[in-house]
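Student: Got a sequence here, can you build the structure:
(3 chains)
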Amino acid sequence: MRIVAADTGGAVLDEKYNPVGLIATAAVLVEKPYRTATLSIVKYANPFNYDLGGRQAIRDEALLAVKLTRKVKPDVVHLDSTLGGIEIRKLDDVTIDALRISDRGKAVWHELRKDLQPLARRFWEDTGIEILAVGKESVSVRIAEIFSGLYSAKWALEYARENGKAIVGLPRYMKVEIRPGKIYGESLDPREGGLYGEIEAETEGIAWELYPNPLVRTFMVLEVWKE
Amino acid sequence: MRIVAADTGGAVLDEKYNPVGLIATAAVLVEKPYRTATLSIVKYANPFNYDLGGRQAIRDEALLAVKLTRKVKPDVVHLDSTLGGIEIRKLDDVTIDALRISDRGKAVWHELRKDLQPLARRFWEDTGIEILAVGKESVSVRIAEIFSGLYSAKWALEYARENGKAIVGLPRYMKVEIRPGKIYGESLDPREGGLYGEIEAETEGIAWELYPNPLVRTFMVLEVWKE
Amino acid sequence: MRIVAADTGGAVLDEKYNPVGLIATAAVLVEKPYRTATLSIVKYANPFNYDLGGRQAIRDEALLAVKLTRKVKPDVVHLDSTLGGIEIRKLDDVTIDALRISDRGKAVWHELRKDLQPLARRFWEDTGIEILAVGKESVSVRIAEIFSGLYSAKWALEYARENGKAIVGLPRYMKVEIRPGKIYGESLDPREGGLYGEIEAETEGIAWELYPNPLVRTFMVLEVWKE
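Tutor: Okay, the predicted model is just below:
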């Protein structure tokens, strides 16, 4: 099975570890044995001007997933949204009202579906590929989350090189290591069976430290600074 | 403390990782230091003709636990059913209606108790041993679950030897390794403090691969095939 | 950021692993990189005469945290109570009624706030330091929990030296090791990013064993006895 998934993660933190905005949306192609991405692409947001309400993320994820999907032709697309695996192309207003989600979630989806439903329907008509709202139970969404953390670390390196320093909150229970010429990351949850990722990056002249976010258990902070 | 517990697990999967039916009910005797089973027995189901609604599993578990209990005389029996540790022999219709479980769960137990309550009552009168509906908070039920995974792997070896190939979904966050003459398995959750198991098996001429189930995070897939 | 946190944990268990009473309240000072305590103090309870309803623990924690805070002047104090990070000095009766907690929890806090609110208000007026009801999402509260486990192990050594034997239930998913002259402990959840602690203790002439509590998955039992 070949799966494309997308997720957004990594947050710029202020000195008191409060989130300022999200950094990176990653789309990944995941193939057997489903432990890492065969291919990944990224779209960076502007974390200093970010809608933390969540609508920006899911729209970015859908568009980036479609972009990667056109290229690699997977069997299915997984978006990080826990609607029980429903097909996005079927998300009309009646269906959204019948979902077992919060009223706030319904309002968000009534708004979102205006763009996403036609997109998913046309995409399905053209290619036969379904876009599903699956959420974190999908291993591929989790791998996309890990890659959003890797790209956030890459963003932090570049930001620190220009501005001296960056503090980034990584996605849930994952760590990164900055190695010569690349950034390696892996899940800290062994129950996931060894999920990991690696991307290339310019790593020279940068020092770094990784430690637990004192305000949010199971989340790590990456601090990088120009040496 | 000597505890007998039973659980059912391991599922035949189709090529798209959808479950077809459950494979093995295991009953185990667990003794201090409570990390593995001192003794285990198995009852195989027919995964290609299986009631996934859950009634078959709990009945098989109760009967197999009683069988092992008659032999090893434990202090108590744990069944995998989260009814708060209630004694099965006390499960009359009034008590079931008062449980804080779903209406669907109540309907299942009204049906189940017709066999199980008299069984548990007679068993308690004969032996003084209680059968409790405890659920996953019991370490012994978790060890039974790990053994159901081991026996499912054994079933997969035999099935592959006859039919060429088998794909099995293991119980939650556990892995197995096929070693010469035996199958070893352990929990992937280190919070459980090192739970594991091992059974003998005919392992020659079989190749295998273990990887994350892409559709269900924290569950592993075991694929075996004739070499 | 310098954080003081307090938590209560470690329970004397009877031979059937039922909790008799809690043992130790620990207050800790946690500083970057937030993996262990820079400083810790303890208040032992009498586990054989303990109110398991929870009111004793939170009061002991507040008082001990204040004691350590007067000494080390942290930026903030975290108490283990999941009220969403609210400031204790603002906990009047109207605010408590508006919290999204159980009626039982509200009753407890209506009683508790009589002492704790004036204490927190005066403390804040004197020092400017806030006492927050944060709960387990705080890494510092989790480190306090690990230290309460370490001090419970120390209590067990002393109790066993006098009375021959002790059985202690440790706080959730943590282990301890009794080493010459000290007790080391760490979280069993790798998602927490490597939380640990160490305290000095008189360890000679004592044997010990650590194993999973068979009745409560992810909790370990420490048994110690005089050699």
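
Student: CA only for contacts and neighbour counts going forward, please
Tutor: Will do.

Student: Domain map for chain A?
Tutor: Per automatic domain parsing, the structural domains of chain A span A:3-137, A:139-226.

Student: can you tell me which of these comes nearest to C:Tyr159?
Tutor: Proximity to C:Tyr159 (C-alpha to C-alpha) singles out domain A:139-226 among the domains of chain A, at 33.3 Å.

Student: What lies in contact with stretch A:214-226?
Tutor: With contact meaning C-alpha atoms under 8 Å, 6 or more residues apart in numbering or on different chains, stretch A:214-226 is reached by A:17, A:153, A:156-157, A:160-161, A:164-176, A:205-213, C:34, C:136-140, C:191-193.

Student: one more time with 6 Å, if that's ok
Tutor: For stretch A:214-226, the surrounding residues in contact (C-alpha atoms under 6 Å, 6 or more residues apart in numbering or on different chains) are A:160-161, A:164-170, A:172-173, A:206-213, C:137-139, C:191-192.

Student: if we can go back for a sec, I'd like the domains of chain A written out as a markdown table, with mean pLDDT and mean neighbour count added.
Tutor: Shown next, in a markdown table, are the domains of chain A (pLDDT from 0 to 100; neighbours: other C-alpha atoms under 10 Å in any protein chain shown):
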| stretch | mean pLDDT | mean neighbour count |
| --- | --- | --- |
| domain A:3-137 | 90 | 19 |
| domain A:139-226 | 97 | 22 |
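
Student: Could you dump the ones you listed into TSV and include distance to B:Ala45?
Tutor: Shown next, in TSV, are these (distance: least, C-alpha to C-alpha, whole Å):
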stretch	distance to B:Ala45
domain A:3-137	27
domain A:139-226	27
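
Student: Looking at these, which is nearest to B:Asp51?
Tutor: Of all these, domain A:3-137 comes closest under C-alpha to C-alpha, at 22.5 Å.

Student: The helix or strand containing A:Ala24: how far from the chain's middle?
Tutor: Assessed by DSSP states H and E, A:Ala24 sits inside strand A:19-30. Offset of strand A:19-30 from its chain centre (C-alpha atoms, centre = their mean, to the nearest Å): 4 Å.

Student: Give the pairing partners of it; include direction for each.
Tutor: strand A:3-13 (antiparallel), strand A:39-44 (antiparallel) (DSSP bridges).

Student: show me where chain A has helices.
Tutor: In order along the chain, chain A carries the following helices (DSSP state H): A:55-72, A:93-98, A:103-127, A:139-163.

Student: so how far is the second one off the chain centroid?
Tutor: Translated: helix A:93-98. 26 Å.

Student: Can I get that helix as CSV, trimmed to CA atoms?
Tutor: The C-alpha trace of helix A:93-98 is given here as CSV (Å, rounded to 0.1, in the frame of the first residue of the first chain):
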residue,chain,number,x,y,z
ASP,A,93,-23.3,20.1,5.2
VAL,A,94,-25.8,17.4,6.2
THR,A,95,-23.0,14.9,6.7
ILE,A,96,-20.9,17.3,8.8
ASP,A,97,-23.9,18.0,11.1
ALA,A,98,-24.3,14.2,11.6
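
Student: I'd like the helices of chain A written out as TSV, with distance to C:Gly9 added.
Tutor: Shown next, in TSV, are the helices of chain A (distance: least, C-alpha to C-alpha, whole Å):
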stretch	distance to C:Gly9
helix A:55-72	40
helix A:93-98	44
helix A:103-127	38
helix A:139-163	34
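
Student: between the ones you listed, which one is nearest to A:Ile41?
Tutor: It's helix A:55-72; of the helices of chain A, that one is closest to A:Ile41 (C-alpha to C-alpha) at 7.3 Å.

Student: And the strands paired with strand A:19-30: which comes nearest C:Leu119?
Tutor: Across those (criterion: C-alpha to C-alpha), the nearest stretch is strand A:3-13, sitting at 32.3 Å.

Student: and the direction of that closest one versus that of helix A:139-163, what angle?
Tutor: Strand A:3-13 runs at 40 degrees relative to helix A:139-163, counting by axes from the mean of the first three to the mean of the last three C-alpha atoms, to 10 degrees.

Student: Indicate which one of the helices of chain A is closest to chain B.
Tutor: Chain B lies closest to helix A:139-163 among the helices of chain A, at 5.0 Å (C-alpha to the nearest C-alpha).

Student: for the closest one, packing partners?
Tutor: Secondary-structure packing of helix A:139-163 (3 or more C-alpha pairs under 6 Å, 6 or more residues apart in numbering or on different chains; DSSP states H and E): strand A:3-13, strand A:19-30, strand A:220-226.

Student: Good, we can wrap up now.
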